[in-house]
Structures are given as C-alpha cells and as structure tokens.
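Chemist: Predicted structure and sequence below. I'll ask about it afterward.
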Amino acid sequence: MSVHDETDLRRFLERMANEVPAGPIETAPAVARAKRGLAWNSVLLAVLTVLIAGAAVAASRSLLRSSPQPYGQAPPSALSGPAVIATDGKLVLVSPGGSAPLTTDGVWAPVGFSPDGTTLLAQRLSAFRTGRNYVAIGNRHRRYPTRAELVAIHLDTGRQTSLGPITPGGAHATWSPDGRSIASVDEGRLSVIDVATGTESIAAEHVGYQQVSWSADGSLILYVGFQGQRTGIFTVAADGSDPTAVLIDQRCIRDRRQVQYCDGPTTAAWSPDGASIAYGEDTYQRNGRRVERLHTITVMGADGSNSHQVSDMHAAELVWSPDGSAIAYTSQGAVYVIGADGSNWRELAAEGSQVRWSPDGSMVSFACPSGVCLRQLDEIGSPTFPLSDQTSARYGGTVAWQPQR
C-alpha cells in the first residue's frame, strides 16, 4: 500500500488499528476492571468487619446487662454501714461483711428505713408496659410500671405489710421520728399513713413538690405548697390541723406579653435538730424587656427568722447531713454538697439524683447513669463507686441506709 498524502496516512493508521488482534488491546481494560473489583471487595470486607465488630460489642453489652452485677465496681466493704439497694429488681441488704436478699420475687425499689432500723419501706412495682420512662430489669428493658404500692418489710420476721397504692416514680414518703407514721406526697396530696393499721388520712392539699420532712419531735410536717397563686413553705400537724405559712412570696412581675412570673420556693427541708430550714427558691427580675430567673439556696430559722443565702444555684432536692453541718442537693442534674453556713462547696457528681447520706455522714449515695453510686466525703478527689446497675434511677436509684442500731 502506497501513502501519498496526510489523509491516506490517517486512513492507513486507522485500518492498522482495526486489524490488530483484540487480545492485547483488551488486556488493559480487563486489568482495570479487575483492580476496580478488588477495590470494591476490599471496601465491602471493611464494612462487614465494622458491622461484625459492632454486633460483637452490642452482644457483649447485652450480656453484661442480662448478667446481674450487684455491686458494680464497689464491693460491700466500700460501704460505711448496712444499706438496701435494688439489683435486678430484687432488694438486697448489703454491708461491709456481705449481703443477703430481702425479696426473691417481684420488682422492688427501696424507700427508707424506720428510725430504729427494724422496718424497711419499699415500693413494689407492677403492671409493666413498654415506653420511654422504663425500668431495666435483667433482659426486660424499656418497660415502665403503671402500678405500685408502698410496703413495709419487717426485717426480724420477714413479714410484709401493704400500706396502699402510690404513683410509680411519682411519690415521696418519709418516716416520722417515732417510726409510727409515714408522710407521703402523691398527686398533690400530703397523706399520713399509720404503719400499725395501714389507715391513711389527708393532712394537706395543693402540695407543690414531693419532698416533705418531719419536725424533730414529730409534731409537724414541712412542705412546699400553694395558697392561691402563691407558692410558700408551710407546716401542718399530722392530723391536718394547725396549717401555718412559714414563708410566702408575694412578689410577681409580668413580661411584655403579660405573662406573670411569681417568686417561690422549689423545695424545703428541716434540719435534724429542727432548729433550721433549708430551702431553694426561684426569683424573677427584669433585664430590659426580658424577665430573668435567679436561683438561691437559703437557710433560715424554723420560725422564718435569721435567713442567710448559702448558694446562688437552683435546688431540686435538699438533704441535711445527719449532724446538720452540711447540705447535699441536686441542681441541673448534678450533685453538690455545701456547708450549712455556705462554706466548703463541692461538686460530687456531674449527673445524679435521689441523694442520701449514710448514717455516720461519711458517704453520700445517689442515683447515677450507671445505677446507684457512692461518694466518700472525707477524701478529696475520692472516686465515685457504682453500687448497682440493674434498675433505672427513676424507680430504684435510692439507697436505703439502715440506721445504726
């Protein structure tokens, strides 16, 4: 074939390209496709590896949840004295010397011991349904109780006495100093239950918050409630007589939309000797066109005199130490302790609720994300020990410390 010009040359090259065998030309694309296939296989293998690893971690966590670990990282010897906790829905009495089950069936949450330490008040939970506010019991997760009852468990005989129904996770109960009565707040009513007979009487209506406390002599009950649109701190006798306002806030302001904001206490607690009352309070003030809410924790005399502010934080719960020298409280989901005079303020945990003091005042227990936790107070920087992790904090996060007998 002769080539005469550029056009003929181009045609000659095209013809030669078409006449070349297909094998050698197809080798490069085939290799490329093979490499792409290998790359995709590598990606798929990596994804499968991640999925398998995630499934293994989830399975291990599920196994840990389903296997009861009564004391978490804290052995019974970490306790400063006997206490009852809920683990896997059962009540267990733990002490530095060991442990013993108090219940073998049902789902329970401890409330508190009688002053003499012989009787335990507890909640028995029942009629579980699925939902968000759940209690985790072994493998039965995301179920919440729709019914509950207060039960007195007599440790010497094991006898159980039902004291009537309550709202699950929405009631508060506390023993009188003589151990004969229980003050219980449920659905805005303050009731007094006679432990011997189980009879219940209404002592006050329009109770705004769950926390109540008895006077040192057991003659009066302190609570935060409503009087019309005003919030105040009140006392009432156990039989419902002699209601008295200790403190009522009268100041209210309105914002530019005419929404009214009134000052008022959030919680209150009597000191162990009955001489003082600690209370949290929300107050409001104008800042330009806005209304701001301020928080305070105040200690005053039992008659409302000699008040002094100890903190500028919100208080959802206040609990005096056994000797009356300090106050443990919860604020914005965290746990703190402060001296009754405002000194020695410390944060105990970034997350917690249902604060309780040990009888000797050396430890504080509280519901924490892992279940129930302990904090030693006489050691700076002491660790927080998980004590039980089987029941959700809302229903079983309380530690019932047994009084020293």
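Modeler: Here it is on my side, so go on.
Chemist: so where's this structure shaky on pLDDT?
Modeler: 1-80, 127-146, 169-171, 250, 253, 256, 379-397, 405 (pLDDT under 70).
Chemist: Break down it into its helices, ranges please.
Modeler: 6-19, 22-66, 393-396 (DSSP state H).
Chemist: bridging residues for residue 84?
Modeler: Per DSSP bridges, the residues bridged to residue 84 are residue 93, residue 400.
Chemist: contacting residues for it?
Modeler: If a contact means C-beta atoms under 8 Å, 6 or more residues apart in numbering, then residue 84 has 91, 92, 93, 94, 102, 110, 113, 120, 122, 399, 400, 402 as its contacts. For glycine as for every other residue, the C-beta is placed from the backbone atoms N, C-alpha and C.
Chemist: what does residue 191 give?
Modeler: 183, 184, 185, 200, 201, 202, 203.
Chemist: Among those, name the buried ones.
Modeler: 183, 184, 185, 200, 203 (16 or more other C-beta atoms under 10 Å).
Chemist: does the second one really touch residue 194, like I thought?
Modeler: No - when contacts are counted by C-beta atoms under 8 Å, residue 184 is not listed as touching residue 194 (11.7 Å).
Chemist: hang on, the earlier thing: can you lay out the contacts of residue 84 as TSV showing distance to residue 363 and neighbour count?
Modeler: TSV is the format used below for the contacts of residue 84 (distance: C-beta to C-beta, whole Å; neighbours: other C-beta atoms under 10 Å):
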residue	distance to residue 363	neighbour count
91	20	24
92	18	22
93	17	19
94	13	26
102	21	18
110	16	27
113	15	24
120	19	24
122	21	27
399	9	28
400	14	21
402	13	22
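Chemist: Out of the residues you listed, the closest to residue 329 would be?
Modeler: Residue 329 has its nearest neighbour among the contacts of residue 84 in residue 399, at 16.7 Å by C-beta to C-beta.
Chemist: Name all residues that make contact with the closest one.
Modeler: With C-beta under 8 Å, 6+ apart, residue 399 has these contacts: 83, 84, 85, 110, 356, 365, 372, 374, 387.
Chemist: ok, which pair from the residues you listed is furthest apart?
Modeler: 110 and 374 (14.6 Å).
Chemist: how about the nearest residue to residue 101, chain neighbours excluded?
Modeler: Here the nearest residue to residue 101 in space, its sequence neighbours aside, is residue 92; by C-beta to C-beta, 6 or more residues apart in numbering that works out to 5.5 Å.
Chemist: and the one you found, what does it touch?
Modeler: With the criterion set at C-beta under 8 Å, 6+ apart, residue 92 makes contact with 70, 84, 85, 86, 99, 100, 101, 102.
Chemist: can we see that at 7 Å?
Modeler: Residue 92 sits next to 70, 84, 85, 99, 101, 102 when contact means C-beta atoms under 7 Å, 6 or more residues apart in numbering.
Chemist: Distance to residue 316 added to those residues, as TSV?
Modeler: As requested, the contacts of residue 92 are exported to TSV (distance: C-beta to C-beta, whole Å):
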residue	distance to residue 316
70	28
84	24
85	22
99	31
101	32
102	29
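Chemist: just curious, which of the residues you listed is nearest to residue 257?
Modeler: Nearest member of the contacts of residue 92 to residue 257, counting by C-beta to C-beta, is residue 85, at 47.9 Å.
Chemist: Would you mind measuring from the closest one to residue 120?
Modeler: Relative to residue 120, residue 85 is positioned 11 Å away (C-beta to C-beta, to the nearest Å).
Chemist: count of residues packed around residue 252?
Modeler: For residue 252, the count of nearby residues is 13 (other C-beta atoms under 10 Å).
Chemist: Excluding residues flanking it in the chain, which one is nearest it?
Modeler: residue 262 (4.0 Å).
Chemist: again with residue 153
Modeler: residue 120 (4.5 Å).
Chemist: Identify the bridge partners of that neighbour.
Modeler: Bridge pairing for residue 120 (DSSP bridges) gives the partners residue 113, residue 153.
Chemist: hmm, back to that, out of the contacts of residue 191, which are inside strands?
Modeler: Cross-referencing those against strands under DSSP state E gives 183, 184, 185, 200, 201, 202, 203.
Chemist: and stretch 353-362, which residues are buried?
Modeler: So for stretch 353-362, counting by 16+ other C-beta under 10 Å, buried means 353, 354, 355, 356, 357, 358, 359, 361.
Chemist: Select from those residues every entry located in strands.
Modeler: 353, 354, 355, 356, 357.
Chemist: how near is the last one to residue 248?
Modeler: What it means is residue 357. Counting by C-beta to C-beta - residue 357 and residue 248 are separated by 30 Å.
Chemist: cool, the fourth one as well?
Modeler: The gap separating residue 356 from residue 248 is 30 Å, by C-beta to C-beta.
Chemist: Residue 280 too?
Modeler: Taking C-beta to C-beta, one finds residue 280 at 16 Å from residue 248.
Chemist: Neighbour count for those two, which is higher?
Modeler: residue 280 (27 against 18).
Chemist: ok, what's across the strand from that one?
Modeler: residue 267, residue 297.
Chemist: Tell me which residues touch it, please.
Modeler: Counting by C-beta under 7 Å, 6+ apart, residue 280 makes contact with 265, 266, 267, 297, 314, 315, 318.
Chemist: try 10 Å
Modeler: For residue 280, the contact set (C-beta atoms under 10 Å, 6 or more residues apart in numbering) comprises 209, 211, 224, 264-269, 295-298, 311, 313-318, 329-331.
Chemist: what about the closest residue to residue 368 other than its chain neighbours, how many residues close to it?
Modeler: Nearest residue to residue 368, sequence neighbours excluded (C-beta to C-beta, 6+ apart): residue 352, at 5.1 Å. Neighbour count of residue 352, defined by other C-beta under 10 Å: 26.
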